[in-house]
Structures are given as C-alpha cells and as structure tokens.
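[1] heads up, no residue letters with this:
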Ligand code: ADP
Ligand code: CDP
C-alpha cells in the first residue's frame, strides 16, 4: 500500500491517501495537544506508543464483535484504516465524574456514575467542542436517529469490554471519547483508543496514567502510557 497525498493533518495524527480509494494511512505523530489545541508539545515516542496501543485495543474490540476502521499496522507509528465518512461528533462515556463534567455541574471529582453517563460533543476546536444533545444532531443533520442509536450502543458496548480489560490491569477506566464514521452504510468505530483520549487511574493509588499528566504538567507522560501498555501485556517496539 503506497503512502500518497496528505488528506488531513490533525493535532496528533496525519491521514494520508493510499493507492486504494477506501484505505487511509493513519500516522501517529509525537505531537501532544490539550485544551482544543491551545497547549501543544512534542513527546518523544508518543506516536509509536499510541499506534501500537491503538492497534491492540481496536483489534481486541474487533474480536468482541465491534466493527472498526483498523486494518493493520504497517510500521511502528503507522496503520492502515478504512476511510470513513466521519460524524463531526465525539461520544463520551464516563464511569466516574472528572474533568469538564465537574467544572460544568460542580460535582465531586471521582464520583462513581452508575449507570455510566453518555454525552455527545460537537467536534469543533474553534467552538471549544461544545456539549450537544440528540436534538442538535438531528436538527443540524450531523447524523440520523439510527446512526445516533448505533453510536450509543457501540460506545456502551466498548465500555463493558474495556472496563473489564483495564480492571484486570488494576486500572479504572474513568472516561473516554470515541469517534465514529460511515463505511458502506454501516457505523464503524474510527479514530483511536489510546491514553490520549481516555482517563485511566491506578485502582489503589488513583494515580493518573493518561493525558491528564500532560494537561496538568505531571511529567512522565509517555512513561505512564507505557506503564499501562505493560500492564495490558502490549509489547511496544520503539525501534
Ligand atoms: P484532531 O486534531 O481532529 O482531534 P487527530 O490529530 O486525531 O485529530 O487527526 C485525525 C483526524 O482524522 C480526525 O479529524 C479524525 O476525525 C479523522 N479520522 C479518524 N479516523 C478516520 C477514518 N477512518 N477515516 C477518515 N477520517 C478519520
Ligand atoms: O479534557 P476535558 O476535561 O476538557 O474533557 P472531558 O469532557 O472531561 O473529557 C472526557 C474524556 O474524553 C476524557 O477522557 C478526554 O481525554 C476525552 N476527550 C478527548 O479525547 N478529546 C476531546 N476533544 C474531548 C474529550
């Protein structure tokens, strides 16, 4: 598969066209960003760690029946994916309250949410990714009711699978963000699942092992991602 024209350059990944119309090359760069791109930095090995972390998780989800865009890794920091028609929407599930939810509703940090809370956000950095509901999605035609239902069903299904996976690694899956797109009429999981887009706390110490280390200048960002990978048995190749 040949790497061709750059299709889109996001804050952390670059998407390239390939010689197949339906396949993209997803490159994980070392760039880290937070606060809708207002804080940016380069973190050594981030691209390699996240590419291989994402491959492990999306492969595991596929084995559990969740259809994803992931095809295969082709280098330490690049993967091939199916080209999706992405919804401009972020799907967030929270098992514990933290981050923007605490700022918005004044609830205690770490509060257990039972049932887990589902939220939609509009993917728009300039607007600060605002919270939206299903009516916004329908009225602005960002997705249909059946697409909404499918995104919610899949996001909750991912929660069941990954909560258990991380629990066995002595980690709490606090919250996470997923993005979906359409492929041949079906809703597929796209983008990535890495410690960049979720929150993971050590079960005993509640130490943060995710992108909050970057957001809050706690240090050892990539070392923490690697610690999570180690606990899951993911072998990361940094060559
Ligand atoms: P951003 O800065 O937009 O948060 P990234 O740096 O993660 O994003 O860049 C990846 C971009 O590619 C995102 O806009 C994401 O929605 C999009 N994307 C992810 N997976 C696919 C896919 N399979 N097909 C098309 N676009 C995708
Ligand atoms: O980061 P912040 O506190 O502003 O956002 P949040 O709404 O509490 O984020 C919920 C979860 O979604 C966290 O795991 C974030 O890492 C993730 N997220 C993301 O990956 N990308 C975004 N644009 C927004 C949230």
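    Sure, I can see it. Model, not experiment: these values are computed from the prediction. Ligands and ions are numbered 1, 2, ... in the order given.

[2] wait, does stretch 87-97 contact ligand 2?
    Yes: interface with ligand 2: stretch 87-97 contributes 90, 92 (Cβ under 6 Å from any ligand atom). C-beta here means a position set from N, CA and C on the backbone, and glycine is covered the same way.

[3] how about the closest residue to ligand 1 within the chain, phi and psi?
    In the chain, the residue that lies nearest ligand 1 is residue 10 (2.1 Å; Cβ to the nearest ligand atom). For residue 10, the backbone dihedrals (degrees, to the nearest 10) come out as phi -90, psi -160.

[4] tell me which strands and helices the longest helix along the chain is in contact with?
    Taking DSSP state H as the criterion, the chain has its longest helix at helix 145-168. Contacts defined by 3 or more Cβ pairs under 8 Å, 6 or more residues apart in numbering; DSSP states H and E place helix 145-168 against helix 46-63, strand 89-96, strand 112-122, helix 134-139, strand 171-183, strand 186-190.

[5] That helix to strand 89-96, inter-axis angle?
    When axes from the mean of the first three to the mean of the last three Cα atoms, to 10 degrees is applied, the directions of helix 145-168 and strand 89-96 differ by 40 degrees.

[6] Redo the helices and strands packed on helix 145-168 as TSV? Include mean neighbour count and mean pLDDT.
    Listed next are the helices and strands packed on helix 145-168 as TSV, based on neighbours: other Cβ atoms under 10 Å; pLDDT from 0 to 100:
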stretch	mean neighbour count	mean pLDDT
helix 46-63	21	98
strand 89-96	22	98
strand 112-122	15	98
helix 134-139	13	98
strand 171-183	21	99
strand 186-190	21	98
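
[7] So for residue 206, which of these sits nearest?
    Residue 206 lies closest, by Cβ to Cβ, to one member of those: strand 171-183, at 7.7 Å.

[8] how about that closest one against ligand 2, any contact?
    Yes: if you take Cβ under 6 Å from any ligand atom as the test, strand 171-183 does meet ligand 2, through 175, 176, 177.

[9] I'd assumed residue 90 was in contact with the second one.
    This points to residue 176. No: Residue 176 is beyond contact range of residue 90, at 10.1 Å (criterion: Cβ atoms under 8 Å).

[10] what comes into contact with stretch 12-30?
    Contacts of stretch 12-30 with the rest of the structure, by Cβ atoms under 8 Å, 6 or more residues apart in numbering, involve 1-9, 31-33, 42-48, 50-51, 54, 71, 74, 77-83, 183, 192, 196.

[11] Leaving aside the residues adjacent along the chain, what's closest to residue 138?
    Excluding the flanking residues, the one nearest residue 138 by Cβ to Cβ, 6 or more residues apart in numbering is residue 145, at 6.6 Å.
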